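[1] here's a sequence, model it:
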Amino acid sequence: MITSDSIFDDSLSFEEKVLRIFEFQKQNNPTYQRFCDALEIRNVQTPQEIPLLPIQAFKDTEVITTAEHSTFFQSSGTTGMERSRHYLIEPELYHQSIIRGMQYFYDLDEYVIWAYTPGYNQNPNSSLIWMLNTLIEREESGLSKFLELGKRLDESELDKIQQSGKKLMLFGAAFGLMDILENHPVQLPEDSVILETGGMKTHRREITKEQLHQQLAKGFGLPQTQIHSEYGMTELLSQAYAQGSLWFECVPWMKVSIRDPKDPMKEVENGEEGLIGVIDLANLYSCSFILTGDKGIQREDGKFQVLGRWNPQNLRGCNFLINHD
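    The predicted structure follows:
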């Protein structure tokens with residue numbers, strides 16, 4: 001039996017965890033069970049044989065291993081928009097994934113967390129807000145906080161962070177960070193890190209990730225190596241991080257592959273564009289095997305780039321196996 005503790009247990013190999021979780025979800029998740037049955041997936045010997053559930057399932061139906069849940073995360077969107085729901089059975093599992101995941105890339109004790117999240121604050125079920133609350137509550141200096149929207153960054157507060165001996169980690173949706181630069185530009189302390197969480201498209205502009213990082217570095221007075229990115233979404237309980245480059249690296253309990261859009265059971269060659277597929281073991285009580293709608297490429301070392309959204313017209317046939325109750 002796989003448990004939430006097993007996900008972070010180094011004594012088990014990633015492959016062993018994957019195969020155990022697959023069997024658990026195939027037996028206990030009705031949506032994933034129907035998906036596997038429709039594909040006639042029976043005995044799986046390797047992770048490569050496991051089918052990835054199209055992410056649309058989180059909008060179309062419940063992706064859950066039990067009817068009981070404590071809360072749910074819901075993607076942002078306008079009224080009437082179809083939104084994903086990710087049911088949370090065990091909040092502590094997400095808490096552990098957040099803290100352990102961040103600690104894998106950063107010494108959290110070194111940082112004060114500031115969060116600027118326009119577009120998310122009005123969503124009471126935002127997984128990003130939940131994550132940032134977790135990080136802010138963990139930090140003991142009292143200087144970590146959500147920033148007021150539309151307000152200038154307080155330079156006296158920046159001075160307090162420097163006097164405390166800590167560094168600033170500024171979290172923000174890309175368009176929100178750009179708004180700060182346009183309306184209230186400020187020079188950040190030289191050891192600060194900016195962690196942008198995506199969301200580059202607004203009603204005014206759409207720029208590439210590289211252009212975004214160049215503008216953030218110039219605007220906040222930091223080297224580009226200190227402009228970092230997070231890759232996450234409502235449907236995942238783990239995140240990948242890119243530190244000063246465009247290449248994301250996964251936490252140890254998460255793995256990305258690039259799939260052929262015409263046949264998602266097949267992986268494409270390194271450097272070839274395709275659909276990003278994710279195995280996220282922290283999704284223990286939903287589905288750990290996800291075919292996203294994102295386009296990406298991957299290197300031989302496993303790091304990957306996100307190249308934007310895949311044209312939905314190219315995904316015909318990916319979702320027809322998800323039956324509605």
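
[2] partners of W114 in the sheet?
    Note on W114: beta-bridge partners by DSSP bridges are K145, L170.

[3] distance check, S70 against Y285.
    10 Å (Cβ to Cβ, to the nearest Å). For the C-beta atoms, the positions are set from N, CA and C on the backbone; glycine is no exception.

[4] same check, this time on S238
    Computed with Cβ to Cβ, the distance linking S238 and Y285 is 14 Å.

[5] any common contacting residues for S70 and Y285?
    Among the neighbours of S70, those also in contact with Y285 (Cβ atoms under 8 Å, 6 or more residues apart in numbering) are L88, I89, E90.

[6] could I get those as TSV with secondary structure?
    Converted to TSV, the shared contacts of S70 and Y285 look like this (DSSP: H, G, I helix; E, B strand; the rest coil):
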residue	secondary structure
L88	strand
I89	coil
E90	coil
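
[7] quick one: which of the residues you listed is nearest to E40?
    Nearest to E40 among the shared contacts of S70 and Y285: I89, at 28.6 Å, using Cβ to Cβ.

[8] I'd say the closest one and S70 touch.
    Yes: contact criterion Cβ atoms under 8 Å: I89 and S70 qualify, at 6.8 Å.

[9] which residues sit in contact with the residue nearest the centre of the chain?
    The residue lying closest to the centre of the chain (Cα atoms, centre = their mean) is G232, at 0.9 Å. Listed by Cβ under 8 Å, 6+ apart, the contact set of G232 reads S127, L128, M131, T197, S238, Q239, A240.

[10] show residues contacting the lengthiest strand in the chain.
    For the chain, the strand with the greatest residue count under DSSP state E is strand 289-298. Contact with strand 289-298 is made by 22, 25, 32, 50-56, 233, 235-236, 256-259, 264, 270-280, 283, 304-310, 312, 315, 318, as judged by Cβ under 8 Å, 6+ apart.

[11] before we move on, the earlier item: need the shared contacts of S70 and Y285 in CSV with neighbour count and pLDDT, can you?
    Below are the shared contacts of S70 and Y285 laid out as CSV (neighbours: other Cβ atoms under 10 Å; pLDDT from 0 to 100):
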residue, neighbour count, pLDDT
L88, 20, 91
I89, 18, 90
E90, 16, 90
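
[12] which member of those residues is positioned nearest L246?
    Of the shared contacts of S70 and Y285, the one sitting nearest to L246 (Cβ to Cβ) turns out to be L88, at 30.8 Å.

[13] how about low-confidence regions in this structure?
    Along the chain, the model assigns pLDDT under 70 to residues 1, 77-81, 119-122, 200-205, 311-325.

[14] which residues of this structure fall in helices?
    14-28, 30-38, 57-60, 91-105, 127-138, 155-164, 174-183, 209-220 (DSSP state H).

[15] in the fifth one, which residues are buried?
    Neighbour counts using 16 or more other Cβ atoms under 10 Å place S127, L128, I129, W130, M131, L132, T134, L135, I136 of helix 127-138 among the buried residues.

[16] off-centre distance for that helix?
    Centroid separation between helix 127-138 and its chain, computed with Cα atoms, centre = their mean, to the nearest Å, is 14 Å.

[17] and the angle for that helix with helix 91-105?
    Orientation check (axes from the mean of the first three to the mean of the last three Cα atoms, to 10 degrees): helix 127-138 against helix 91-105 gives 70 degrees.

[18] so which elements touch helix 127-138?
    Helices and strands touching helix 127-138, by 3 or more Cβ pairs under 8 Å, 6 or more residues apart in numbering; DSSP states H and E, are helix 91-105, strand 111-116, strand 145-146.

[19] the last one - contacts with which helices or strands?
    Translated: strand 145-146. Judged by 3+ Cβ pairs under 8 Å, 6+ apart, the packing partners of strand 145-146 are strand 111-116, helix 127-138.

[20] got these as CSV, with distance to K160 columns?
    As requested, the helices and strands packed on strand 145-146 are exported to CSV (distance: least, Cβ to Cβ, whole Å):
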stretch, distance to K160
strand 111-116, 9
helix 127-138, 16
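
[21] and of the ones you listed, who's closest to D191?
    Smallest distance to D191 across these (Cβ to Cβ): 9.9 Å, for strand 111-116.

[22] okay, S70 and Y285: which has more neighbours?
    Y285 (24 against 10; other Cβ atoms under 10 Å).

[23] next, the contact list for the closest residue to that one other than its chain neighbours, please.
    Nearest residue to Y285 in three dimensions, chain neighbours excluded: I89, at 3.8 Å (Cβ to Cβ, 6 or more residues apart in numbering). Listed by Cβ under 8 Å, 6+ apart, the contact set of I89 reads I64, T65, T66, E68, H69, S70, Y285.

[24] report the two of those separated the most.
    T65 and S70 (13.5 Å).

[25] for G277, what are its contacts?
    Counting by Cβ under 8 Å, 6+ apart, G277 touches L52, V256, S257, I258, R259, P264, E267, F289, I290, L291, T292.
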